[in-house]
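**Q** build the 3D model from these lines:
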Amino acid sequence: MRACLPPLSHSSGGESMLLGLFAGLLVFGSSGWQLAAPPAARAQADAGKLYQEHCVKCHGKDGTGAAARGIEPNIPDFTAASWQAKRSDAQLLVSILDGKGNVMPAFRAKKISEEEARRLVAHVRKFAPAKTKPGQQERLPPGSFEERYQQLERDLADLQKQFHQLSKVSAEACASSPSEMSAARKLFEQHCVKCHGTDGTGSAARGRLREIPDFTNASWQERRSHVQLAASILDGKGKEMPSWRSQISEQQARALAAYVQAFRRDPGKSRPSGK
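**A** Numbers count the residues shown, from 1 in each chain. Model (predicted):
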């Protein structure tokens, strides 16, 4: 025998209030009185039904739009974090209600209310990838443009790291012995001291040469590899720095580049000496 709710009128004021609230959580189904789903759960279920009815055909159950991409290349991928980040809830709501061009129809005409459209927006947001932990790289859909671009950036960073390491080894190899440093010092005195000074700061010529560098500046050195310095020595730089290719060999230019790098002032590091 199925139990029925007692008449609220026979209860006291407090009991009536409790029973009223309890009754609001009940629905009468095929098996009698049952607890109804919470409002949030009902809204979520409704949004799923709306998406299934109006959106799955183009956007797919997984939200990637992969099935329709051959027909419509610009269909969005709801699972892409970059796409989700570029669109506000208000923008998505307007797109659902009013459509977008000839491809995305206006669902306002299909009697979707604004409240239902808001539920659809929340449903679309659920396709976004879960936020990554601090320091953890975000996973993107395989083969996506964002994934390929990030891989290229990582490859470039690796190549730059290798380049700087090789340049450092090359610089050390060029000035590995006192005799080589002595030869580089003589070349510096012969061709470079007039502008850059014996201390490498270029302070004496800075009045007439505004862009003359300070070789002792660690940040300036950090931004230039041994290969770049050797190329500047051989080919020059603009009007202020002449080309020395006709007067010195590439090997001498590499030795000079190593000597210039030795001017860098770091804690505990002494100035270059060829003596």
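**Q** could you use CA atoms for every contact and neighbour count after this?
**A** Fine.
**Q** can you give me the end-to-end distance of stretch 208-223?
**A** 24 Å (Cα to Cα, to the nearest Å).
**Q** can you give me the mean pLDDT across it?
**A** In this model, stretch 208-223 has an average pLDDT of 87.
**Q** which residues does it contact?
**A** When contacts are defined by Cα atoms under 8 Å, 6 or more residues apart in numbering, stretch 208-223 is touched by residues 196, 200-203, 205-206, 240, 260-261, 263-266.
**Q** go again using 7 Å as the cut-off
**A** Outside stretch 208-223, the residues within contact range by Cα atoms under 7 Å, 6 or more residues apart in numbering are 200-202, 206, 240, 260-261, 263-266.
**Q** got the domain ranges for the chain?
**A** 8-37, 38-125, 155-261 (automatic domain parsing).
**Q** weakest of these in terms of mean pLDDT?
**A** Among the domains of the chain, domain 8-37 scores lowest, at a mean of 47.
**Q** does K194 lie in a helix or a strand, and which?
**A** Counting by DSSP states H and E, the element that carries K194 is helix 193-196.
**Q** CA atoms only for that helix - export them in CSV, please.
**A** C-alpha atoms of helix 193-196 as CSV (Å, rounded to 0.1, in the frame of the first residue of the first chain):
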residue,chain,number,x,y,z
VAL,A,193,91.0,50.2,-29.2
LYS,A,194,90.5,53.5,-31.0
CYS,A,195,86.7,53.3,-30.6
HIS,A,196,86.1,50.7,-27.9
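**Q** next one: phi and psi at R224?
**A** Torsion angles at R224 (phi, psi; degrees, to the nearest 10) stand at phi -130, psi 130.
**Q** what's next to stretch 92-101, contact-wise?
**A** Outside stretch 92-101, the residues touching it (Cα under 7 Å, 6+ apart) are 105-108, 117-118, 121.
**Q** quick check: the farthest pair among the residues you listed?
**A** P105 and R118 (16.5 Å; Cα to Cα).
**Q** between those two, who's got more neighbours?
**A** Legend: neighbour count by other Cα atoms under 10 Å for P105 and R118, higher for R118 (19 against 15).
**Q** residues touching the more buried one, list them.
**A** R118 neighbours (Cα under 7 Å, 6+ apart): L93.
**Q** so which residues of the stretch 1-150 of the chain form helices?
**A** For the stretch 1-150 of the chain, the helices defined by DSSP state H, counting those that start in this stretch cover 13-23, 39-54, 56-59, 81-85, 89-98, 114-125, 145-174.
**Q** quick one: average pLDDT of stretch 264-275?
**A** pLDDT averaged over stretch 264-275 gives 59.
**Q** please shift the residue numbers so they start at 41 in all later answers.
**A** Yes, from this point I'll number from 41; that puts the last item at stretch 304-315.
**Q** dump the C-alpha coordinates for stretch 282-302 into CSV.
**A** Extracted in CSV, the C-alpha atoms of stretch 282-302 (Å, rounded to 0.1, in the frame of the first residue of the first chain):
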residue,chain,number,x,y,z
PRO,A,282,83.3,49.2,-40.5
SER,A,283,83.8,45.8,-42.2
TRP,A,284,87.2,44.2,-41.4
ARG,A,285,86.8,41.3,-43.8
SER,A,286,89.4,42.7,-46.2
GLN,A,287,92.0,43.1,-43.4
ILE,A,288,91.6,40.1,-41.1
SER,A,289,90.7,36.4,-41.6
GLU,A,290,87.7,34.6,-40.3
GLN,A,291,89.9,32.8,-37.8
GLN,A,292,91.2,36.1,-36.5
ALA,A,293,87.6,37.4,-36.3
ARG,A,294,86.6,34.5,-34.2
ALA,A,295,89.6,35.1,-31.9
LEU,A,296,88.6,38.8,-31.6
ALA,A,297,85.0,37.7,-30.8
ALA,A,298,86.3,35.5,-28.0
TYR,A,299,88.5,38.4,-26.7
VAL,A,300,85.4,40.8,-26.7
GLN,A,301,83.4,38.2,-24.8
ALA,A,302,86.1,38.1,-22.2
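**Q** now that stretch: buried residues?
**A** By 16 or more other Cα atoms under 10 Å, the buried positions in stretch 282-302 come out as 283-285, 292-302.
**Q** how about stretch 113-130?
**A** Buried-residue list, stretch 113-130, by 16+ other Cα under 10 Å: 115-121, 124.
**Q** ok, which pair from these is furthest apart?
**A** I115 and A121 (15.0 Å).
**Q** coming back round to it: in TSV: the buried residues of stretch 113-130, plus distance to H99.
**A** Below are these laid out as TSV (distance: Cα to Cα, whole Å):
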residue	distance to H99
I115	8
P116	8
D117	8
F118	8
T119	11
A120	13
A121	16
Q124	14
